[in-house]
Structures are given as structure tokens and as C-alpha cells.
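S.K.: sequence first, predicted model second:
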Amino acid sequence: MSQERLRLLAVLAAIAAALAAAFSWSNRPQPVMPVAAIDAGTRAIAALDAVKQALAAITDEASAMAALPRLRALSAGLLDIRDVVEASPNDRADLAKKLGPLLPDLEARTATVLRAPGVEPIVGPLLRQIGERLKALAKG
């Protein structure tokens, strides 16, 4: 082989080695967090946001009635989240840290919505149930 070809092969080999080293991090063991725990935390925050969205849409009896199916589904989803995080004290504590600071705003929004005429009898019990379930998750 000519000197030029040898140099080219050496350069290509060096590039290949550098690329292999740069991308070898993906083969290293990564810290593992249970997918269920990640999912539970994400779902809990998403549920809290969904409750806030539902509250924003409730202005009267008709909108309260329309919100009932969504609020029921969210309440049931919180039970699923509770079941997932109950399996791990660390996951419960992490979720509690995330949810705890967000609850006062939700409570204020709930109180405002329940003051609208005719709304409290329709969604009041369900909103209190959701609030209690979120508080239980926030206790860790």
C-alpha cells in the first residue's frame, strides 16, 4: 500500500475510535428509576392540571354537569396513581414534594368555583373527593 493510503486508513481508524468512544456512554449502566414511579408522578401532575382546567370551565350548573364525567375519570385515575406509589416509600416522598406546594392554588380555585350559583350540589362532593385524594398523595 502507498503511504497516502496508509495515512488515510490511519485517519479513518482514529475517527472511528473517537466516535466509538464518544457514543459508548449509551452502553454504560444508567441509574434506574422505576417506570411506574415516573409515570405516576407525571400522571399526578397531569391530573392536577386537568382538574384546574375543568374548574376553569365551570361557571354555572350546566357547565358543572358537563364537567362531571371528566372529574369522575380524574378521581378514579388518582386511585390508580395511589396504588402505584404505595409500593415505594421513596416514590411517595418524591410525589409528595411535587404535589404539596401545588395544592393551595387548587383549593383556592375549587372554593371559587363552588361559590357559583347552583354548582356546589353538582360537583362539590366530587371536587372534595379529588382534593382529599390529592392531599393523601401529597402527604407521602
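M.R.: Right, received. Where do you want to start? Numbering: from 1, shown residues only.

S.K.: please make it C-alpha for all contacts and neighbour counts, starting now.
M.R.: Will do.

S.K.: domains of the chain?
M.R.: 1-30, 34-139 (automatic domain parsing).

S.K.: among those domains, show me which one is buried the most.
M.R.: Highest mean neighbour count among the domains of the chain (mean count of other Cα atoms under 10 Å): domain 34-139, with a mean of 17.

S.K.: rounded mean pLDDT for it, please.
M.R.: The average of the pLDDT scores along domain 34-139 is 89.

S.K.: centre of the chain to the helix or strand hosting Ala47, how far?
M.R.: Using DSSP states H and E, the element containing Ala47 is helix 35-57. Mean-position distance between helix 35-57 and its chain equals 5 Å (Cα atoms, centre = their mean, to the nearest Å).

S.K.: now Gly118: which helix or strand?
M.R.: Counting by DSSP H and E, Gly118 is part of no helix or strand.

S.K.: just give the nearest non-adjacent residue to it, would you?
M.R.: Distance criterion Cα to Cα, 6 or more residues apart in numbering; nearest residue to Gly118, sequence neighbours excluded, is Glu61 at 5.4 Å.

S.K.: what's the distance between the one you found and Ile130?
M.R.: Per Cα to Cα, to the nearest Å, Glu61 is found 19 Å from Ile130.

S.K.: wait, what's in contact with the residue nearest to Gly118?
M.R.: 117-119, 122 (Cα atoms under 8 Å, 6 or more residues apart in numbering).
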